[in-house]
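Colleague: structure for the following, please:
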Amino acid sequence: DVTLASLLGAISLVGYPFVALAIKAEDNGPVFHTHERIGKNDKPIKIVKFRSMSVAAQDETGASSPQAVTRIGSFIRKTRIDELPQLWNVVRGDLSLIGPRPELPPFVDLYEKEIPFHSIRHLIKPGLPGWAQLHPTTPPNSSPSTEDPKMKLSYDLYYIKNRSFLLDLNIALKTIRELVSRKGR
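Modeller: Numbers count the residues shown, from 1 in each chain. You can find the predicted model right below:
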């Protein structure tokens, strides 16, 4: 993970100035957005992304209305460019390249009270894409309900039980296919 993330991260640095200029040109706010998620063993981690929402509309959890997403933000989300800085989270050891996506702390608190075995997903490092992201029912983090997270948890538990190099490769290839076909969510 660290070696591949270092290589991909170094290559991605070429695009950083262009993304930064586009973000700054649209609303002159900060280029990066950092927010807390829950990682392995329930440890809080800071996730870094390119900012995709207007500064005024974003709250401390990173949640906002869909109208708050800037034009540049919409493009970098659809292409997943906004997630490139997370490669450095992998290098730092907070994330894995593949694994269950880390959740926001308030959602984890709710889900662990309402959904049996939800805490099992925190036994391994979270990842950039995961098995559940290939089978979404609604946009991620749309609301703290417990129905969609139950389905997501079933995919995460499948991944944890069956994780292997071949499953990781399968997830990586399907994620790349989604990005190339512009089906990114």
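
Colleague: in which helix or strand does the residue sitting furthest away from the middle of the chain reside?
Modeller: Using Cα atoms, centre = their mean, the residue of the chain lying farthest from its centre is Ala25. It sits 24.6 Å away. Taking DSSP states H and E as the definition, one finds Ala25 inside helix 16-27.

Colleague: phi first, then psi, for the closest residue to Tyr159 other than its chain neighbours.
Modeller: Spatial nearest neighbour of Tyr159, excluding adjacent residues (Cβ to Cβ, 6 or more residues apart in numbering): Trp131 at 4.1 Å. (Each C-beta comes from the backbone N, C-alpha and C, glycine too.) Trp131 adopts backbone torsions of phi -60, psi -40, taken as degrees, to the nearest 10.

Colleague: pull out the buried positions in the helix holding Ala25.
Modeller: Val19, Ala22, Ile23, Asp27 (16 or more other Cβ atoms under 10 Å).

Colleague: what's the lowest-pLDDT member of the residues you listed?
Modeller: pLDDT across these is at its lowest for Asp27, which sits at 87.

Colleague: show me the contacts for the residue nearest to that one when sequence neighbours are not counted.
Modeller: Beyond its immediate neighbours in the sequence, the residue positioned closest to Asp27 (Cβ to Cβ, 6+ apart) is Ser54, lying 5.6 Å away. Ser54 makes contacts with Asp27, Gly29, Ala68, Val69, Thr70, Gly73, as judged by Cβ atoms under 8 Å, 6 or more residues apart in numbering.

Colleague: how much space between the fifth one and Arg80?
Modeller: So that's Thr70. Separation of Thr70 from Arg80 (Cβ to Cβ, to the nearest Å): 16 Å.

Colleague: more neighbours: which of those two?
Modeller: Neighbours per residue (other Cβ atoms under 10 Å) separate Thr70 from Arg80, with Thr70 holding more: 20 against 16.

Colleague: would you mind measuring from the more buried one to Gly127?
Modeller: Counting by Cβ to Cβ, the gap from Thr70 to Gly127 is 26 Å.

Colleague: repeat for Asn89
Modeller: Between Asn89 and Gly127 the computed distance is 10 Å (Cβ to Cβ).

Colleague: anything in contact with each of the two?
Modeller: Taking Cβ under 8 Å, 6+ apart as the criterion, Asn89 and Gly127 both touch Leu95.

Colleague: and Thr34, backbone torsions?
Modeller: Thr34 has phi and psi values of phi -120, psi 130 when expressed as degrees, to the nearest 10.

Colleague: which residues touch it?
Modeller: If a contact means Cβ under 8 Å, 6+ apart, then Thr34 has Lys46, Ile47, Val48, Lys49 as its contacts.
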